[in-house]
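Undergrad: only the shape, not the letters, is given here:
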C-alpha cells in the first residue's frame, strides 16, 4: 500500500468567467522514504493539486470533481474535517511558497512554531519551547533563542522561509509537501536545507513531495518526477529518464530553456506563446498551440505511452529531434 496516492484527481474553480480546470486528472503514488518532484511552468496546477485535497483553499469557488486521494488507504476527500485537521500539520505537513503571507504577522515566531506541537503532539509549554528552539537551530537560524521572540516582519525573506521549514518539520511528518522550499534562499543555504531534508528523510523515512521550478533541485533530490502542464501530467519518470531521454515536447522545451554549465550556450531558447486559459480548455493536448511537433491527432488528448519501467508520456510522438 502506498503512503499517499492520487487517482484521477480533479479539482475545478467555479468563477464568474467560467469553470477553471486547475487540476484535470492527476495520478501518482508516493512510498515511504521516497521523494516525488513536481515541475512545470507557473499555473500548471502543481501547488493547487496539493492545497486543494488538504482543503486549504476556499470552497466555493473550489469544487473537487472526482478521483481519490488516499493516505495509508484512507480517502482524504471523504474524511470529516475534524479528522483531516488532525492529519494536516501532523502526519502531512507543508512548507508554503510565500512565508510572509503564511506566517501570522501578529504572533511571535516562537508562538507559531509551538502551536502545532501543543495541538498535535500534546507537548506542554516548556517542552514545546525547547523543541521550537531546536527546530530553528536545525535550519540554521542564528541567535535562535532571540528569534523565538521576534515577529515575522523582523526577518528577511530567506529567514522567514527557514522558519516555515522549521515549523513543517517539528511534528516529524510522514509526508512533507515542500512548495518551492528554497526559493528565497541563496545557493549556500539552499544546499544546506536540501541536505537537511535528505538527512531527516534518511533517519525517519519521511516521504517528500517537492514542488519547484528549479530542475537542478529535483535532479539531485527526486526519485520520481512529474512534469505538469495546464492541470495535467505530461510526462513522468525517474531523473535519468526525464532529463536524458525525455519523450514529451513540453519536457524537452523546459530542459532546453534551462541554463547549463557543462555545455557552451548562447541565448537560451524560450517556449513560444503563453499557457492556455484554463477556463477554455479543449479536449485535446493543452500544449498543442505551443508545440512544434503538433498534428491533427493532437485534437484528442493522447493516451499514456509507456517506455522504460516507470517512464510514461502523454504524447502521440515517440522521438524528438
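TA: That came through, no problem. All values derive from a computational prediction rather than experimental measurement.
Undergrad: make it CA atoms for all contacts and neighbour counts henceforth
TA: Will do.
Undergrad: any chance you could map the strands in the chain?
TA: 4-15, 18-30, 35-39, 62-71, 74-75, 92-95, 175-179, 207-211, 224-229, 232-237, 305-306, 312-313 (DSSP state E).
Undergrad: quick one: low-confidence ranges for the stretch 151-300 of the chain?
TA: 184 (pLDDT under 70).
Undergrad: residue ranges of the helices in it, please?
TA: 157-169, 187-204, 215-221, 239-244, 249-256 (DSSP state H, counting those that start in this stretch).
Undergrad: including distance to residue 196 and mean neighbour count, could the strands of the chain go into a markdown table?
TA: Putting the strands of the chain into a markdown table (distance: least, C-alpha to C-alpha, whole Å; neighbours: other C-alpha atoms under 10 Å) gives the following:
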| stretch | distance to residue 196 | mean neighbour count |
| --- | --- | --- |
| strand 4-15 | 22 | 20 |
| strand 18-30 | 20 | 20 |
| strand 35-39 | 14 | 24 |
| strand 62-71 | 25 | 18 |
| strand 74-75 | 30 | 15 |
| strand 92-95 | 14 | 25 |
| strand 175-179 | 13 | 24 |
| strand 207-211 | 13 | 25 |
| strand 224-229 | 19 | 26 |
| strand 232-237 | 25 | 25 |
| strand 305-306 | 35 | 14 |
| strand 312-313 | 31 | 24 |
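Undergrad: how far away is residue 151 from residue 293?
TA: 52 Å (C-alpha to C-alpha, to the nearest Å).
Undergrad: dump the residue contacts of residue 43.
TA: Going by C-alpha atoms under 8 Å, 6 or more residues apart in numbering, residue 43 touches 229-230, 275.
Undergrad: and which of those residues is nearest to residue 237?
TA: Nearest to residue 237 out of those is residue 229 (C-alpha to C-alpha; 15.4 Å).
Undergrad: pick the one among the contacts of residue 43 closest to residue 212.
TA: residue 229 (13.3 Å).
Undergrad: can you name the residues that contact the spatially most central residue of the chain?
TA: Nearest to the geometric centre of the chain sits residue 211, at 2.8 Å (C-alpha atoms, centre = their mean). Applying C-alpha under 8 Å, 6+ apart to residue 211 gives the contacts 37-39, 46-47, 177-180.
Undergrad: max pairwise distance over these: which two?
TA: Once C-alpha to C-alpha is applied, the contacts of residue 211 give 39 and 177 as the farthest pair, at 13.4 Å.
Undergrad: ok, residue 151 and residue 293, which is more surrounded?
TA: Neighbours per residue (other C-alpha atoms under 10 Å) separate residue 151 from residue 293, with residue 151 holding more: 19 against 15.
Undergrad: which ones are touching that one?
TA: Residue 151 neighbours (C-alpha under 8 Å, 6+ apart): 105-109.
Undergrad: can you do 10 Å?
TA: 103-112, 160 (C-alpha atoms under 10 Å, 6 or more residues apart in numbering).
Undergrad: for beta bridges, what are the partners of residue 26?
TA: Judged by DSSP bridges, the bridge partners of residue 26 are residue 9.
Undergrad: how far away is the closest residue to residue 68 other than its chain neighbours from residue 267?
TA: Using C-alpha to C-alpha, 6 or more residues apart in numbering and skipping the chain neighbours, the partner closest in space to residue 68 is residue 7 (5.1 Å). In this view, residue 7 and residue 267 are 40 Å apart by C-alpha to C-alpha.
Undergrad: how about residue 81?
TA: 51 Å.
Undergrad: which of these two has more residues huddled nearby?
TA: Each of residue 81 and residue 267 has its neighbours counted (other C-alpha under 10 Å); residue 81 has more, 13 against 7.
Undergrad: between the contacts of residue 151, which is nearest residue 130?
TA: Comparing those against residue 130 with C-alpha to C-alpha picks out residue 110 as the nearest, at 10.1 Å.
Undergrad: count the residues that sit near the closest one.
TA: Residue 110, neighbours per other C-alpha under 10 Å, totals 23.
Undergrad: now do the contacts for it.
TA: Taking C-alpha under 10 Å, 6+ apart, one finds 128-129, 132-133, 136, 144-151, 163, 167 in contact with residue 110.
Undergrad: which of these fall in helices?
TA: 128-129, 132-133, 136, 144-147, 163, 167 (DSSP state H).
Undergrad: filter those residues down to the buried ones.
TA: 128-129, 132-133, 136, 144-145, 147, 163, 167 (16 or more other C-alpha atoms under 10 Å).
Undergrad: looking at those residues, which is nearest residue 72?
TA: Nearest member of these to residue 72, counting by C-alpha to C-alpha, is residue 167, at 23.4 Å.
Undergrad: setting the sequence-adjacent residues aside, check what's closest to the closest one.
TA: residue 113 (5.3 Å).
Undergrad: skipping adjacent residues, who's closest to residue 102 in space?
TA: residue 96 (6.8 Å).
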